[in-house]
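A.B. asks: Mind folding the following:
(2 chains)
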Amino acid sequence: MNLVLALTVVSLGSVLLRTVPLLGARALPDAVAETAGWAGVAVLAALAARAVAHHQDPALVLAPLVAAAAVGLGLVVVARSNSILLGVAVCVAGYLAVVAVSGLVG
Amino acid sequence: MADALSLSPLATAPLGSRAGVRAMLPVVSAYVPFALVVGSAVAVSEHPAVAWAATFTIYGGAAQVTVLDLVARGSGWMAAGLVALLVNARIGAYAAAMAPAWRTAPVGQRLVAAIMLTDVVWGMARARGDNRAFYLGAGTTLLVCWPSLVALGALLHGLTGDVAVVALLPALTLGAIVVPQLAQPPTRAAAVAGACVALLTPGLDTGASLALAALIGVVAAYRARRADMPRTETSS
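C.D. replies: Numbers count the residues shown, from 1 in each chain, chains lettered A, B, ... in the order given. Coordinates of the predicted model:
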């Protein structure tokens, strides 16, 4: 019962957060929308940075640093090639290469 | 018709719903590992069917995992629900940011857009001048794929391996969505500030950290726009 009630709270809240601004879009000032856009971009960047900072891998001592390097490399590839799949492939390959090298050294 | 879409130079590119579907498919593949993680959390919950059904209404993996985890640890339903809702609070900012582009859309279409709103769909459409057809194509693709992948994760619970690098793929995808938007100084300032807040507050829980990132990001964006104004006026 506890779980059902908790899920109901998140579900109802999430639906309201989604629908209210869009259904009331005609009454929402442009300045508010612009500010919300900046907040949204800040949150997206924070989500990405947080995932990297919290990265854990028992095979690596400095896992967040390796993660930052791999994601950074992937982002450069995405920006140049405009292909997320290629960026993912480079990120994974770079990361696994570091894991393999650290395994050989360690 | 001079609607908000015509304000962006990107909106003149041929971006229809098919382009949205095509753009979303590789992103979905990058989200498969995260969906499997959410599916595993659904499988071990006390009501897997209810927990999976909430995938459609919560429609945010981080918030869904948070509420399932908190309840499993014995948290009260109200506290667990509110903490998870704080994690999902960013969706309100996305919805508000979409308002100018969707003002002229029929109510039904705005409702559909709201139902399929989440990080990647918003970010991808924003990078393309808030193109509505693109948004609907990308959003429909994710709305079909995400709950299916979470269901797959619940069914395969315990069978999927634990490869650390796959946990980075959602971060890479979100970063890839932000990068094309960095040309504008206020947006760049907001993104840098948001990332810095996340890196400087590792101890904060996700919801509080994201709320702080949004706040500092907005302040940084306003300052960057104010600093950029004299330069823009001089050049014009």
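
A.B. asks: burial of the closest residue to residue A:75 other than its chain neighbours, as a residue count?
C.D. replies: Among residues not flanking residue A:75 along the chain, residue B:175 sits closest, at 5.0 Å (CB to CB, 6 or more residues apart in numbering or on different chains). All C-beta atoms are positioned from the backbone trio N, CA, C, and that covers glycine. Residue B:175 is flanked by 27 other residues according to other CB atoms under 10 Å in any protein chain shown.

A.B. asks: Would you map out the domains in chain A?
C.D. replies: A:1-54, A:55-106 (automatic domain parsing).

A.B. asks: Out of those domains, which one sits most buried?
C.D. replies: For the domains of chain A, the largest average neighbour count (mean count of other CB atoms under 10 Å in any protein chain shown) is found in domain A:1-54, namely a mean of 21.

A.B. asks: Any figure for the gap between the closest residue to chain A within chain B and residue B:177?
C.D. replies: Residue nearest to chain A within chain B (CB to the nearest CB): residue B:217, separated by 2.3 Å. To residue B:177, residue B:217 is 15 Å away according to CB to CB, to the nearest Å.

A.B. asks: Show me which of the two is the more surrounded one.
C.D. replies: A direct count of neighbours by other CB under 10 Å for residue B:217 and residue B:177 places residue B:217 higher, at 32 against 25.

A.B. asks: Who are the contact partners of whichever residue of chain A sits closest to chain B?
C.D. replies: At 2.3 Å from chain B, residue A:42 is the closest residue in chain A, using CB to the nearest CB. Residues near residue A:42 by CB atoms under 8 Å, 6 or more residues apart in numbering or on different chains: B:190, B:191, B:193, B:194, B:197, B:213, B:214, B:216, B:217, B:218, B:220, B:221.

A.B. asks: Export the residues you listed as TSV, with columns for secondary structure and pLDDT.
C.D. replies: Formatted as TSV, those follow (DSSP: H, G, I helix; E, B strand; the rest coil; pLDDT from 0 to 100):
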residue	secondary structure	pLDDT
B:190	helix	95
B:191	helix	94
B:193	helix	96
B:194	helix	94
B:197	helix	95
B:213	helix	93
B:214	helix	93
B:216	helix	96
B:217	helix	96
B:218	helix	95
B:220	helix	97
B:221	helix	96
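
A.B. asks: State the pair within the residues you listed that is farthest apart.
C.D. replies: Farthest apart among those by CB to CB are B:197 and B:221. That separation is 13.1 Å.

A.B. asks: near chain B at all, the worst-scoring helix or strand of chain A on mean pLDDT?
C.D. replies: Lowest by mean pLDDT, DSSP states H and E among the helices and strands of chain A is helix A:84-105, with a mean of 87. Yes - Helix A:84-105 is in contact with chain B by CB under 8 Å from any CB of the partner chain, via A:84, A:85, A:87, A:88, A:91, A:92, A:95, A:96, A:99.

A.B. asks: what residue is smack in the middle of chain B?
C.D. replies: residue B:119 (0.9 Å; CA atoms, centre = their mean).

A.B. asks: Excluding chain neighbours, what is closest to residue B:164?
C.D. replies: Residue B:164 sits nearest to residue A:57 (CB to CB, 6+ apart), 3.7 Å away.

A.B. asks: Could I get the contacting residues of that neighbour?
C.D. replies: Per CB under 8 Å, 6+ apart, neighbours of residue A:57: A:63, A:66, A:67, A:99, B:164, B:165.

A.B. asks: Same check on residue B:199?
C.D. replies: Here residue B:199 is in contact with A:49, A:50, A:53 (CB under 8 Å, 6+ apart).

A.B. asks: Residue B:134 too?
C.D. replies: B:15, B:16, B:17, B:19, B:20, B:23, B:124, B:125, B:128.

A.B. asks: What residues does the third one make contact with?
C.D. replies: Going back to what we said before, that points to residue B:17. If you count contacts by CB under 8 Å, 6+ apart, then residue B:17 has B:133, B:134, B:136, B:137, B:140 around it.

A.B. asks: how about those in TSV, adding secondary structure?
C.D. replies: Output for the contacts of residue B:17, formatted as TSV (DSSP: H, G, I helix; E, B strand; the rest coil):
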residue	secondary structure
B:133	helix
B:134	helix
B:136	helix
B:137	helix
B:140	helix
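
A.B. asks: Okay then, goodbye and thanks.
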